[in-house]
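Q: I would like to see how this sequence folds:
(4 chains)
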2 protein chains.
Amino acid sequence: METEDGTRSAGGDVGVTTGARGDLFSPDCPTRLLLDRLGTKWTSMVVKVLARDGELRFTELRRRTPGVSQKMLSATLQSLVLDGLAARRVEDTVPPRVHYRLTELGLSLEEPLAALREWAEEHMPAIRDHRAAAGA
Amino acid sequence: METEDGTRSAGGDVGVTTGARGDLFSPDCPTRLLLDRLGTKWTSMVVKVLARDGELRFTELRRRTPGVSQKMLSATLQSLVLDGLAARRVEDTVPPRVHYRLTELGLSLEEPLAALREWAEEHMPAIRDHRAAAGA
DNA sequence: CCGAATCCTGACGGATACTG
DNA sequence: CAGTATCCGTCAGGATTCGG
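A: Modelled structure (predicted):
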């Protein structure tokens, strides 16, 4: 649970207008918030898997995300659902089956994310080269 | 320190090399490595400032990156230089003046990064909305 | 099968003080 | 001015255990 919130956003937008958009580095900066999420280890992977494979059950999703623990997958999915990037669907059976899928919002995130992936795959060798040359 | 010998990446017949490209989640995955860097708090900000303002001195750069400490700015710049994303130029005077600028590689990163910013600025309100509705 | 709760660690990162 | 070094708090996140 996050200790930091600050703005209670009761009225929605009080003084956020100037800092939130454009080129500001305030805690309201949407880019910062987004990178915070993408920076968490599994978010981008889960988004990618869901974008590719569509709706998946919890265990199935876990099997396709090598290395993830139940805890982190659960936490990641909760964050995604909370942000409206993913949707959770429960079949009320015994045992229950829980499915996850990306929402429209989540799918739209895939575009810039894919651009970032392309850049990474293209230029990472150059970066490794630089690191090696610098004596890393 | 990771002494990774990436020299035999061209082979690609068997072994570890399979995971490096495409859609794998191995530690070799370039997207993961890139997101690890962008996930660090100040990297994206510094890249953005340097992309916009061009070459800057240390203190000047610090002034334009509100909230950053000397330590973190220094560490961030070292990482960027090490990765070949930024270049360091020293005027050998007293006191010394150190300038930083983005390399071609660093500038090329700005494109996908800008795409991510656009997405963030456009869709972040929707995310905040979802969070509020979910009872965050 | 799907998760929540707990313990523990290592890394990120802020504040401060010191050097050249 | 441009860092480096140290102390310290916080938190992601892995392993494990428990519940429904």
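Q: from now on I want contacts and neighbour counts done on CA atoms only, so please keep to that.
A: Will do.
Q: quick one: stretch A:88-97 near chain B?
A: No: contact of stretch A:88-97 with chain B (C-alpha under 8 Å from any C-alpha of the partner chain) is absent, the minimum separation being 12.7 Å.
Q: start and end of that stretch, how far apart?
A: 10 Å (C-alpha to C-alpha, to the nearest Å).
Q: if you tally nearby residues, what's the number for A:Gly39?
A: Residues near A:Gly39, counting by other C-alpha atoms under 10 Å in any protein chain shown, number 20.
Q: just A:Ala51 next, same as before
A: There are 18 residues near A:Ala51, going by other C-alpha under 10 Å.
Q: show me what contacts it?
A: Contact analysis of A:Ala51 by C-alpha atoms under 8 Å, 6 or more residues apart in numbering or on different chains lists A:Arg101, A:Leu102, A:Leu107, A:Glu110.
Q: repeat for A:Pro125
A: Listed by C-alpha under 8 Å, 6+ apart, A:Pro125 has no contact partners.
Q: hang on, it is in a helix, isn't it?
A: Yes: when DSSP: H, G, I helix; E, B strand; the rest coil is applied, A:Pro125 is found to be in a helix.
Q: if we can go back for a sec, dump the contacts of A:Ala51 to CSV, plus neighbour count.
A: Shown next, in CSV, are those (neighbours: other C-alpha atoms under 10 Å in any protein chain shown):
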residue, neighbour count
A:Arg101, 25
A:Leu102, 26
A:Leu107, 17
A:Glu110, 17
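Q: how about the residues of chain A by DNA strand C?
A: Proximity of chain A to DNA strand C is confined to A:57-60, A:70-71, A:74-75, A:95-99 under the rule C-alpha under 7 Å from any atom of the strand.
Q: find the closest residue to DNA strand C in chain A.
A: A:Thr59 (3.6 Å; C-alpha to the nearest atom of the strand).
Q: can you put the contacts of A:Ala51 in CSV and add distance to DNA strand D, pLDDT and secondary structure?
A: Output for the contacts of A:Ala51, formatted as CSV (distance: C-alpha to the nearest atom of the strand, whole Å; pLDDT from 0 to 100; DSSP: H, G, I helix; E, B strand; the rest coil):
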residue, distance to DNA strand D, pLDDT, secondary structure
A:Arg101, 20, 97, strand
A:Leu102, 19, 97, strand
A:Leu107, 21, 96, helix
A:Glu110, 19, 93, helix
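Q: go through the residues you listed and say which is closest to chain B.
A: Comparing these against chain B with C-alpha to the nearest C-alpha places A:Glu110 closest, at 10.0 Å.
Q: coming back round to it: for the contacts of A:Ala51, which one is nearest A:Glu121?
A: Nearest to A:Glu121 among those: A:Glu110, at 15.9 Å, using C-alpha to C-alpha.
Q: so what's the closest one up against?
A: With C-alpha under 8 Å, 6+ apart, A:Glu110 has these contacts: A:Val47, A:Lys48, A:Ala51.
Q: repeat for A:Trp42
A: A:Trp42 sits next to A:Val68, A:Met72, A:Leu73, A:Thr76 when contact means C-alpha under 8 Å, 6+ apart.
Q: tell me which other helices or strands the host helix or strand of the residue of chain A closest to DNA strand C touches.
A: For A:Thr59, the host element (DSSP states H and E) is helix A:58-63. For helix A:58-63, the packing partners by 3 or more C-alpha pairs under 8 Å, 6 or more residues apart in numbering or on different chains; DSSP states H and E come out as strand A:97-102.
Q: residue boundaries of the helices in chain A?
A: Here chain A has its helices, by DSSP state H, at A:16-20, A:30-39, A:43-53, A:58-63, A:70-82, A:104-134.
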